[in-house]
Structures are given as C-alpha cells and as structure tokens.
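*Asks:* Model the structure of this input:
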Amino acid sequence: MPATRKSRKTSSRVDILAKDLRNLSTADTTALIETAKTRNSTPDLKLIETTNAQNLPTRRRRRCKKIDSNKSDIESKAAVSRPTDTNDLADPGKSQILASIKVKGHDDSIKPPINPKIIPNTSSKAQIILPSTTVTEKTPTTVTTSFLLVSDTHDVQPQSPEHKEVLFRYPFPKTDVFIHAGDMTQDSNLFTLKAAISWIELIPAELKILIAGNHDTTLDVVQDHVDDSSDSDDEENKLNTKQVECREYLTSKEMKAKGIFYLENEVETFKLKNGAMLTVFGSPYTPRGPRPHHNGAFRYNSEIDFWGKFEGVDGLKAEKLDVAVIHGPAYEILDSTSKGKNVGCRYLRSFLEKVKPLMSVCGHIHEAAGVKTLEWDSMEAKDVETQRADKDGAVFTDAREVAKDVVRGKSTVFVNASLVGAGSSSYAEAARCPYVVELDLPLAAV
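*Replies:* Below is the predicted model of the structure:
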C-alpha cells in the first residue's frame, strides 16, 4: 500500500508544520505560500486553513479543521486572505492566493477575488486586473468642414493687405471649400472672367465651386438674354463665339486640376481631404423680373415652376443634399429689396423644402446679404448673429457657430453672400467681407 503510506506521511508533515506555525499571521502565511511556489511545490490548503484557524474563535476553529470539498467553502476560505489595500497587489511578494491553486484531490480551481481580480497568467507573475468602467467610443460619422462664401463680386478685385480700410482684401482665411454664387463679372467677357479666376486661384481652399449669375452673360448658351435692340444674327454669332470661349475656359481640365469646378444645373459629389463627402447642386438661374430686371443671363418665367424638373434627380432626394448654390434667393429668405419687397422665388422655396439641404447659398439681391436658419417644421426663419473677424490678417464675417443649430432634414442655413452694395453705383468696391461657415458633413465610406 505505498500510496496509503505516502498519504499518511504527507498528513503528518502538515500537522507538524501547522503546530510550528500556530502563531503566524495571515501575511506570514502568504509569504510561506510564495516561498513554496518558488520551489515549484504546491501549497497544501489544509496547512493554510489550520494556521489561519488559530486566530479564529473556538467554534469556527473546529470547522476550519475540516476540508470541505464543496467549492463555495473553498472560495470563502480563500477570501480570508483577500487584501484590503490594492497597493499590496502591485507587489508580487504580497500577492494572495492565486486562482490556479488547487486542493489536492479536487478538480475545481479557487475563483479569484471579485474586486480587484488576480487571474492566472502563463508567466510566473500574477496578472492584476483592477476594476474599470468600459466606455464604448462611437465611431464618428461626420467631420466638420469649413466654407468661404462670396457672391456678386461684379469685377471687384481683392485689395492688398495694407489697405486695412478695404473689406475685400488679401489674405483669405484658409478653408476646405470656396463657393462663388454668381455674378463674378459685370460686363461678361473672357478677359473679365479670367480676371476673376486670377484671384479665385489664390484662395487657400482645396475645392472651389463656381456658378454664373445673370450678369455672366457669356456663359449662357441660351440666347433669350440678348436685348431686343441688338438682337441681330451678327450679334448672336459674336455672342455665341464668346460663350464657347468662356465655357471651354471655365470647364477645362486645367481648371479642374486647380480644384475649380463650374456647375450649371447639375449635382456633383466631392471627396475632401478631411474625409468628408460633399454633395452640391449648382444653378445660375433667377426669375425674370419687371423692367429693367427682365434681361440678363439664365432667366426663367417666375410664373412657372422652373425647379420642379429637378425633383427626383439623383443627389437631390430628400435630406441627401449638403449644399445648394443658386444665384437667386428663395421667397422671404434674404430676398428683401431696399424698398422692403420680397422678390425671391416661391417655387425655389418649395423645391428647397423638399430636398432640405444643410446649407443654401445665394446672392443677386445685394441689400439682403446675411445669414438665416430655417426650421422646416415651423417654417420659422431666424437671423444668425455674425461678427467681423480678423485672423492672421484675413478679414471675414464669422458665421461658424451656425453649424450647431443645423440638423439634417430638420433645418437649413441660408447665406446671401453678396459682396457689393445695392445699385450699380456701388459696384466699384465691396461693401462686405466674405462669409465663413462650418458644417458637419458625412464621412466617406472606407
């Protein structure tokens, strides 16, 4: 019976050691366990219990002499040595009973203390897991994108930085996107168009979006803007030649390589370097007004629904459009003349209500320049408070805070970005600064 003899010998050794260690404290017992571990010997749980039992009341001491094979009793006995100070856990010499210690003849491992935890590791050192709160970070779906907005520059050129009294001057603030909402020129021809492009090229923006206006006549392929007094075949042929030259210049590969895109009744989607996807609809059209406002380029009859034909166009479905750039304003939104008359288009307002862009940029009515937000549920338009900013020498009208109030499908920010004042006599210089707005755009899919 060798196995039996070995068992008795082991039991006798435990009893002798327990007698000698009667007065050991819990910390001393722990040190004994660690010493046994370093000698590759497995501590006997009975020795631990017998030693700790010396400091317990008599009634509990009797119970500690028995080794219950029940798993819950084993766990409660292991908890006697649980530390109260988490700093002790950081010192391997003070580590408590490991979960990997097993009772001889029993298959279940002792569970580690609940808080903090000591779990078995593949290495010789205990792995400490302190309690923590797991925070799941949401993957961002939008990115803040900045826009520099102008309209109705009418051949006005920005001045050099030393002209501090001038509102339209170099340098321009750095943004992600630049938008010109039409009337780049006053007397449209290739020379004046190239002059406008010369300063637009210098704007520090990755993407530059342009549309025409009623004054940019050489970009209009439709001939109904020609005045009756000069409506001859020769005049139309000359005008057609100018149109071809100007359109080819503005839509050339060279312009696109510079990040300049001309839009005319079309939707384009751009992926920006900041990861944003920007969908833009651009149109130069305005309703034909009473004389003398019935002439000019890109006109339509205000009594018909010109915008209905764009409904359902890919990219113009509800809540999918980011920015609408349309030369004329919508009815009762930044469309009031100096005489207090609202001259915006009702059909355009209905169209914008259906597509609900994040932002709509216009010009045309110079004296109505400004920023508003519109809540589509209540149809309530609110003025946005802006302020003039001067950052590193760049002067602009700061409307960046408006992004906080814009919710896709619920509201739209409207900007009339006209730079010159009312009346042709004011076209010699800018009456306002460019506008800067920020929007949260959707991130491109990876």
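
*Asks:* need the contact list for the closest residue to Asn214 other than its chain neighbours.
*Replies:* Excluding the flanking residues, the one nearest Asn214 by C-beta to C-beta, 6 or more residues apart in numbering is Gly296, at 3.4 Å. (Each C-beta comes from the backbone N, C-alpha and C, glycine too.) By C-beta atoms under 8 Å, 6 or more residues apart in numbering, the residues touching Gly296 are 214-215, 217, 225, 286.

*Asks:* try Asp398
*Replies:* Counting by C-beta under 8 Å, 6+ apart, Asp398 makes contact with 386-389, 436.

*Asks:* now it, nearest residue through space, not along the chain?
*Replies:* Spatial nearest neighbour of Asp398, chain neighbours left out: Ala389 (4.1 Å); criterion: C-beta to C-beta, 6+ apart.

*Asks:* For that neighbour, give the beta-bridge partners.
*Replies:* Beta-bridge partners for Ala389, by DSSP bridges, are Phe396.

*Asks:* Can you pull the poorly scored residue ranges out of the stretch 301-446 of the chain?
*Replies:* Along the stretch 301-446 of the chain, the model assigns pLDDT under 70 to residues 424-425.

*Asks:* Also the stretch 101-250 of the chain?
*Replies:* 101-137, 223-239.

*Asks:* Repeat the analysis, applying 90 as the threshold.
*Replies:* 101-140, 187, 221-244 (pLDDT under 90).

*Asks:* those helices in it, which residues are they?
*Replies:* Applying DSSP state H, counting those that start in this stretch to the stretch 101-250 of the chain gives helices spanning 190-200, 233-250.

*Asks:* out of those, which comes closest to Glu367?
*Replies:* helix 190-200 (22.3 Å; C-beta to C-beta).

*Asks:* can you list the residues that contact that closest one?
*Replies:* 153, 155, 157-158, 178, 180, 184-186, 208, 210, 216, 218-219, 242, 245-246, 249-250, 255, 260.

*Asks:* Now, those residues that are in strands?
*Replies:* 178, 180, 208, 210, 260 (DSSP state E).

*Asks:* Based on its surroundings, how many neighbours for the last one?
*Replies:* Using other C-beta atoms under 10 Å, Ile260 is surrounded by 21 other residues.

*Asks:* Okay, and the beta partners of it?
*Replies:* Lys208.

*Asks:* same question, the one 10 residues further on
*Replies:* For Phe270, the beta-bridge assignment (DSSP bridges) gives partners Leu278.

*Asks:* contacting residues around it?
*Replies:* Going by C-beta under 8 Å, 6+ apart, Phe270 touches 207, 261, 277-280.

*Asks:* about what we covered before: now, of the contacts of Asp398, which are buried?
*Replies:* Applying 16 or more other C-beta atoms under 10 Å to those, the neighbour count classes 386, 436 as buried.

*Asks:* From the contacts of Asp398, pick the one nearest Thr144.
*Replies:* Distances from Thr144 to the contacts of Asp398, taken as C-beta to C-beta, are shortest for Val436 (12.3 Å).

*Asks:* Confirm the closest one sits in a strand?
*Replies:* Yes - assigned with DSSP: H, G, I helix; E, B strand; the rest coil, Val436 falls within a strand.

*Asks:* Quick check, pLDDT for Val280.
*Replies:* With respect to pLDDT, Val280 has a value of 98.

*Asks:* Ok, Asp68 next?
*Replies:* pLDDT at Asp68 comes out at 50.

*Asks:* Nearest residue to Arg400 in space, please, no chain neighbours.
*Replies:* Closest residue to Arg400 apart from its sequence neighbours, by C-beta to C-beta, 6+ apart: Glu438 at 4.5 Å.

*Asks:* I'd like the distance between the one you found and Gly289.
*Replies:* 34 Å (C-beta to C-beta, to the nearest Å).

*Asks:* With Gln157 instead?
*Replies:* 28 Å.

*Asks:* Kindly present the ones in strands among the contacts of helix 190-200 as JSON lines, with separate columns for distance to Gly363.
*Replies:* Output for the ones in strands among the contacts of helix 190-200, formatted as JSON lines (distance: C-beta to C-beta, whole Å):
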{"residue": "Phe178", "distance to Gly363": "14"}
{"residue": "His180", "distance to Gly363": "9"}
{"residue": "Lys208", "distance to Gly363": "16"}
{"residue": "Leu210", "distance to Gly363": "12"}
{"residue": "Ile260", "distance to Gly363": "18"}
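
*Asks:* Most neighbours out of those residues, which is it?
*Replies:* Ranking these using other C-beta under 10 Å puts His180 first, with 29 neighbours.

*Asks:* so that one touches Val150, yeah?
*Replies:* Yes - using C-beta atoms under 8 Å, His180 is in contact with Val150, at 5.5 Å.

*Asks:* Next up, the contacts around Arg432.
*Replies:* Counting by C-beta under 8 Å, 6+ apart, Arg432 has contacts 167-168, 369, 397, 418-419.

*Asks:* Reformat these as JSON lines; add neighbour count and distance to Phe310.
*Replies:* Below are the contacts of Arg432 laid out as JSON lines (neighbours: other C-beta atoms under 10 Å; distance: C-beta to C-beta, whole Å):
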{"residue": "Leu167", "neighbour count": "19", "distance to Phe310": "35"}
{"residue": "Phe168", "neighbour count": "23", "distance to Phe310": "32"}
{"residue": "Ala369", "neighbour count": "23", "distance to Phe310": "26"}
{"residue": "Thr397", "neighbour count": "21", "distance to Phe310": "30"}
{"residue": "Ser418", "neighbour count": "29", "distance to Phe310": "24"}
{"residue": "Leu419", "neighbour count": "27", "distance to Phe310": "27"}
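
*Asks:* Distance to Ala324 added to those, as a markdown table?
*Replies:* Converted to a markdown table, those look like this (distance: C-beta to C-beta, whole Å):
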| residue | distance to Ala324 |
| --- | --- |
| Leu167 | 26 |
| Phe168 | 24 |
| Ala369 | 17 |
| Thr397 | 20 |
| Ser418 | 16 |
| Leu419 | 20 |
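
*Asks:* From the residues you listed, which land in strands?
*Replies:* Counted as lying in strands by DSSP E, out of these, are Thr397.
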